[in-house]
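Q: below are the sequence and a predicted model for it; my questions follow.
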Amino acid sequence: MNNILITGCSTGIGLETALILQNNGFKVYASAREEEDVKKLQNLGLETFKIDVTNKEEITNAFASILQNDKKLDAVFNNAGFGQPGAVEDITTEVLKEQFETNFFGLHEVTIQAMKIFRKQGYGKIIQHSSVLGIISLKFRGAYNASKYAIEGLNDTLRQEVMGSNIFISTINTGPVTSEFRANGLKNFNKNIDMENSYFSNVYKKELKKRLESKEDNTPFTLPASSVANVVFDIINSKKPKPRYYVTKATHILGFFKRILSTSLMDKILNKM
């Protein structure tokens, strides 16, 4: 039986992926940062770990437990992450570091610990959850954009370094997908952005915060979380998975535009979004 460790399973894509894989016969180790979410996952019949990806010891203990139980590890899905909205000039260095600690450095720690296992056993798959915002950038998402661009650079390098082995690195560039992403983004915006004293104060109040607070998601081409889970399922079942998977039409369209349009024209298009 193939096994997989998934980070960030409290809601949305991580949770949906864990359940779909479990229902299709995989042994899933689902992890979450908070104890209450771990208990929720346990109640759903999943094997669980408490993993805050910024905590190296929790990652190490999880991998050790998996190897003790199964003597192997087949795949890892680096899904944990969050978004910090706000203009670049309103993001303090401390807040930017927090964004990178989870989205990038946490992903890296999981990756290098998994690589030690995969090198020793001679095979394995690492599935990295990037974003359409690792391909193009949208305003007021600078911290998140930067963290995802960093993942792209890491993955592009790592793929070259595993060439000729039976270890595969796949990047998923997800577009708009149903999740708790906006709700969590609102919490981070309220916590870390000084809206009243910002140059963009009026824009925040009239547009950004209103969008984050909205209960309705009218973003074009939005797909359910299962769309990503199905891609993870395909990667695990593939003998030679592709290096990159686009999810949603938005990712395909914007990725295509990025390849053919000038930077100036691309900026004008993106600035209207």
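A: That came through fine.

Q: surely residue 79 meets residue 10?
A: No - in terms of Cβ atoms under 8 Å, residue 79 does not count as a neighbour of residue 10; the distance is 10.3 Å. Using the backbone N, CA and C atoms, a C-beta is placed for each residue, glycine as well.

Q: when those two are compared, which one has more neighbours?
A: When residue 79 and residue 10 are compared for neighbours, residue 79 comes out ahead with 26 against 19, by other Cβ atoms under 10 Å.

Q: mind checking pLDDT for that one?
A: We have a pLDDT of 98 for residue 79.

Q: just residue 216 next, same as before
A: 68.

Q: repeat for residue 62
A: We have a pLDDT of 98 for residue 62.

Q: what sits against it?
A: Taking Cβ atoms under 8 Å, 6 or more residues apart in numbering, we find residue 62 in contact with 5, 29, 31, 49, 51.

Q: for the protein, which helix is longest?
A: As assigned by DSSP state H, the longest helix anywhere in the chain is helix 142-161.

Q: what strands flank the helix or strand following that helix, and is each parallel or antiparallel?
A: Downstream of helix 142-161, the first helix or strand assigned by DSSP states H and E is strand 167-174. Partners of strand 167-174 in the sheet, by DSSP bridges, are strand 124-129 (parallel), strand 244-247 (parallel).

Q: which one of these is the most hemmed in?
A: strand 124-129 (a mean of 24; mean count of other Cβ atoms under 10 Å).

Q: now render the strands paired with strand 167-174 as a markdown table, adding distance to residue 68 and mean pLDDT.
A: Output for the strands paired with strand 167-174, formatted as a markdown table (distance: least, Cβ to Cβ, whole Å; pLDDT from 0 to 100):
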| stretch | distance to residue 68 | mean pLDDT |
| --- | --- | --- |
| strand 124-129 | 17 | 98 |
| strand 244-247 | 32 | 98 |
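
Q: now tabulate those in a markdown table and tack on distance to residue 221.
A: Formatted as a markdown table, these follow (distance: least, Cβ to Cβ, whole Å):
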| stretch | distance to residue 221 |
| --- | --- |
| strand 124-129 | 18 |
| strand 244-247 | 10 |
